[in-house]
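[1] Provided below for reference: sequence and predicted model.
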Amino acid sequence: MVSSELDLEREYVSRLYERLDELRMDARRQLERVHRQDVGGNHQSRSERDAFARIFEDRIVALNEVDERLAFGRLELAASDVPADESSAADPGETDTDRDVSDGSDSVFRYIGRIGLRDENLRPILLDWRVPQAGPFYQATAATPMGIRARRHLLSKGRKIVRIEDEVFDSADLSTEEVNALQGEGALMASLSTERTGRMHDIVATIQAEQDRIIRSDLAGILVVQGGPGTGKTAVALHRAAYLLYSFRDRLKSSGVLVVGPSRAFLQYIEAVLPSLGETGVVLASVGQLYPGVETSIEDIAEVAVVKGHTEMAALIDRAIKSRQKVPAEPVQLDVNGEPLTLEPHVIANAITRARESRKPYNEARVTFVKTALAELTRALAAQLRSHGNTVDEDDYGMLREDLRSAYDVKVALNTAWIPLSPQKLLQDLYARPQWLAELAPNWSPEKRALLRRERDAPFTISDIPLLDEAAEHLGEHSERSAAIEREAKQQRKRDVENAENAIRNMDVEGLVRAEDLADNFAEQASRGTTAERAAGDRTWTYGHIVVDEAQELSPMQWRLLRRRGPMRSFTIVGDIAQASAAAGARSWQEAVAPLVGRQAHGEGWRLEELTVNYRTPAQIAAAAQQMAEEQRLPVTRSTSVRESEWPIVVIRASDDRFGPDPTAAFAHALGEAVAADRMIDPRGTIGVIVTPDGLAGAYAALAEALPGEVGQGAAGLLLPVTVMTPQEAKGLEFDSVVIGDREAILNRLPRGAGALYVSMTRPTQRLTFVDRF
Ligand SMILES: Nc1ncnc2c1ncn2[C@@H]1O[C@H](COP(=O)(O)OP(=O)(O)OP(=O)(O)O)[C@@H](O)[C@H]1O
């Protein structure tokens, strides 16, 4: 029975692949046809042709991406439960009254896959996992079957279905275990026990009900997802981005989606997930990349990060900028092309007041200041010339103003009164001039002020990024999207869509290509870049949705930056307050989201969801991490591990005689032994070696010597078998096995050390080894 069912599924799925191949061939044929077109020398026709070519190239890439596990599920429904007029369309928005696949009995079947497919008669043969009809595949439980008779998971290797797994929801008497059972347990366990590769994979075939509810939650508003380590927060956040892009394509295509992660290593770890779900237009950025033009991965020491992360920095920057507008204490003597002229302080004072009244950002208001001051000086110069017996009438004023504008003394005087500023210069001055900082922050202690002290040429750090952004907001000189630019962009878009509609008619490909997609390609052809490229390069870009991972690490100043990038307040914020290790990070979600929602309590300005099942860490390791956290009074969220591990936690002491008398060499030997022992157990698995920042270089040198070519450090090492990193860098990552070097130092010498150790202990999917110094 089972094997014939398996054969039937293989047959069905091979038909799906045939269809996929046909669509690929079609796209290739269309691409060739576009390339063959003789468009002559006309620039517009050439760019239209290239835009069409791009659409078909993208389609081919997208169809190639979904080859692995094209179809992974099947729902069985009673035919009588499927309304005759219900759409089972493979794409949202299309209304197709075709019925689902039927086997001649009173059941109908819906196949679920990574994309939607229709046969040549446009009947749906595979549903995209994101359409509403696919929802029960993830959400139906024995207790709430949602009209489903049975659910089948199709497990595959390459294109071949190797196993099927059925859950039947018809039976009336269910035990509590059955009611609470994990959805598609066999498929889930198979997925969880595969070796890790240094890259995160999609979980589309095995999303669990509590995760699915979050993925499909409304686009609008601020959704916070709290969950312990390994509960799938990152996976859920990325699948939610894919779901939103699919379900709200029109709204999000042109504004874009931003995904913010803690580090470059983390982005490298997750970067393949969205393309494998067919979504490429998302901007991925680490917190050090959020200010275009400055990219950094340098961390400040904890005390400095705390000061820079506090919102009082916003007020300080405001004061700093205002203080750069200075009325001279006394009259200034100017030389205007040989004519002496006195600049009275009140001229500058009036011009500053006028300019401030414009309420424009600093550099734009400066234009008003210069104009007003020059007008006043022109009148003064004219009066002086007249008093010397010269005839000066109104017609000469323009020339006098130009003389004044170009006079060196006038430039110096106006610049001294209101200097043009870039955000970078402002911050460098603030850090390099203690005297100025003391004037601006007289209430700060000298020790606190000293924390900001920096040489002018010191590189910017991650905590400087939101400060640069804050300064740019006040200064307003960087590619401000003025209303005129905004209007022009909208009109250009309208023209592009109209051109695209014409081009589609001319090419005779109506129904095959969407005008909006083609219009996007026109924009790219005109070097305006893809939405993602334009968004990433524009500080004033506002995104349609923002996903923030490891959000507990963000400082209030970083939240202020994100608030400016997402004025629509459509956010998915995922994290675990207990894992906070950044010194300036939050201690509660209420505190974290305050810069976005003010004092609104949850339920009003934002909604909170929790994830409770740990898919990564085996039960024994999770329990040890939990116990450590509780002893250290960390407010951890309890979660249930889905797996046990067959490996006990190992402790190696570097003080053992066998490692020799020198403590440094002994520690290096002990680390080497831990890694070697693990590789004996599983030579193909990944190992993360986690040590304090101080211990990083030593640990790397020792291991790289022992295992040449196999050991990497931080982000660069993720695709190698062994990676040495700090707890901060290990955030969000996972390894088959983890070796923690010197847990005492992590706990006691790092700021928020308990959080750092908790993060480190919850990275393994299989094994954990401690290498202690004593
Ligand atoms: N439904 C699922 N099916 C298969 N694998 C899953 C599922 N949910 C989570 N996982 C896997 O569990 C692991 C942990 O997921 P993820 O990294 O998203 O957790 P997290 O909550 O972000 O963890 P942390 O807070 O520790 O960084 C990943 O390997 C992920 O692929």
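    On my side now, so go ahead.
[2] gap between residue 269 and the ligand?
    Relative to the ligand, residue 269 is positioned 9 Å away (criterion: Cβ to the nearest ligand atom, to the nearest Å). All C-beta atoms are positioned from the backbone trio N, CA, C, and that covers glycine.
[3] my read is that that residue contacts residue 718, right?
    Yes. At 6.2 Å, residue 269 counts as touching residue 718 under the criterion of Cβ atoms under 8 Å.
[4] which neighbours do the two have in common?
    With contacts taken as Cβ atoms under 8 Å, 6 or more residues apart in numbering, residue 269 and residue 718 have 198-199, 733 as neighbours in common.
[5] among these, which one has the most neighbours?
    Using other Cβ atoms under 10 Å as the neighbour test, these are led by residue 733, with 27 neighbours.
[6] which SS state does it fall under?
    Judged by DSSP: H, G, I helix; E, B strand; the rest coil, the three-state class of residue 733 is coil.
[7] so what's residue 385 up against?
    Under the criterion of Cβ under 8 Å, 6+ apart, the contact list for residue 385 reads 339, 392.
[8] at 10 Å instead, please
    By Cβ atoms under 10 Å, 6 or more residues apart in numbering, the residues touching residue 385 are 339, 341, 391-392, 396, 400.
[9] can you turn the buried part of these into a PyMOL selection?
    The command below creates a PyMOL selection of those among the contacts of residue 385 that count as buried (16 or more other Cβ atoms under 10 Å):
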select buried, resi 341+392+400
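[10] out of the contacts of residue 385, list just those in helices.
    Mapping those onto helices (DSSP state H) picks out residue 400.
[11] which of the shared contacts of residue 269 and residue 718 lies closest to the ligand?
    Nearest to the ligand, judged by Cβ to the nearest ligand atom, of the shared contacts of residue 269 and residue 718 is residue 733 at 7.4 Å.
[12] any idea how far residue 714 is from the closest residue to that closest one other than its chain neighbours?
    With Cβ to Cβ, 6 or more residues apart in numbering as the measure, residue 269 is the residue that lies nearest to residue 733, at 5.5 Å, once sequence neighbours are left out. According to Cβ to Cβ, to the nearest Å, residue 269 and residue 714 sit 11 Å apart.
[13] ditto for residue 10
    Taking Cβ to Cβ, one finds residue 10 at 44 Å from residue 714.
[14] out of those two, which sits in the more crowded spot?
    residue 714 (20 against 17).
[15] right, and the more buried one touches residue 265 too?
    Yes. Taking contacts as Cβ atoms under 10 Å, residue 714 lies within contact range of residue 265: 5.6 Å.
[16] near the ligand, which residues of the protein are found?
    Residues of the chain lying close to the ligand (Cβ under 6 Å from any ligand atom) are 188, 191-192, 203, 206-208, 211, 227, 229-235, 576, 579, 615-616, 732, 734, 762.
[17] find residues that contact each of residue 269 and residue 714.
    Joint contacts of residue 269 and residue 714 (Cβ under 10 Å, 6+ apart) are residue 263.
[18] how about the nearest residue to the residue in the stretch 651-774 of the chain positioned nearest to the ligand, chain neighbours excluded?
    Nearest to the ligand, among the residues of the stretch 651-774 of the chain, is residue 732, at 4.1 Å (Cβ to the nearest ligand atom). Taking Cβ to Cβ, 6+ apart as the measure, residue 732 lies nearest to residue 266, with 4.6 Å between them; neighbours along the chain are not counted.
[19] my guess is residue 540 meets residue 489, correct?
    No. Applying Cβ under 10 Å, one finds residue 540 not in contact with residue 489, separated by 11.9 Å.
[20] how many neighbouring residues does the residue of the stretch 451-600 of the chain found nearest the ligand have?
    Among all residues of the stretch 451-600 of the chain, residue 576 sits closest to the ligand, at 5.0 Å; criterion: Cβ to the nearest ligand atom. Applying other Cβ under 10 Å, we find 26 residues neighbouring residue 576.
[21] equivalent analysis for the one 10 residues further on, please.
    The burial metric for residue 586, expressed as a neighbour count using other Cβ under 10 Å, is 21.
[22] so the closest residue to it other than its chain neighbours is in which element?
    The shortest distance from residue 586 to any residue that is not its chain neighbour, by Cβ to Cβ, 6+ apart, is 3.5 Å, and that residue is residue 592. Counting by DSSP states H and E, the secondary-structure element that holds residue 592 is helix 589-597.
[23] over to residue 607?
    When elements are defined using DSSP H and E, residue 607 is found to belong to strand 606-611.
[24] tell me the two of the contacts of residue 385 that are most distant?
    Comparing every pair within the contacts of residue 385 by Cβ to Cβ identifies 341 and 391 as the most remote, at 18.4 Å.
[25] phi and psi next, for residue 292.
    The main-chain torsion angles of residue 292 are listed as degrees, to the nearest 10 and equal phi -50, psi 140.
[26] for it, what are its contacts?
    285, 468-469, 472, 478-479, 535-541.
[27] can you say which of those residues are buried?
    So, of the contacts of residue 292, 285, 468-469, 472, 478, 535-536, 539-541 end up buried under the neighbour-count rule (16+ other Cβ under 10 Å).
[28] how close does residue 250 sit to residue 106?
    38 Å.
[29] who's in contact with whichever residue of the stretch 601-750 of the chain sits closest to the ligand?
    Using Cβ to the nearest ligand atom, the point where the stretch 601-750 of the chain gets nearest to the ligand is residue 615, with a distance of 3.5 Å. For residue 615, the contact set (Cβ under 10 Å, 6+ apart) comprises 182, 188, 191-192, 203, 206, 208, 211, 229-232, 235, 639, 641-643, 734, 765.
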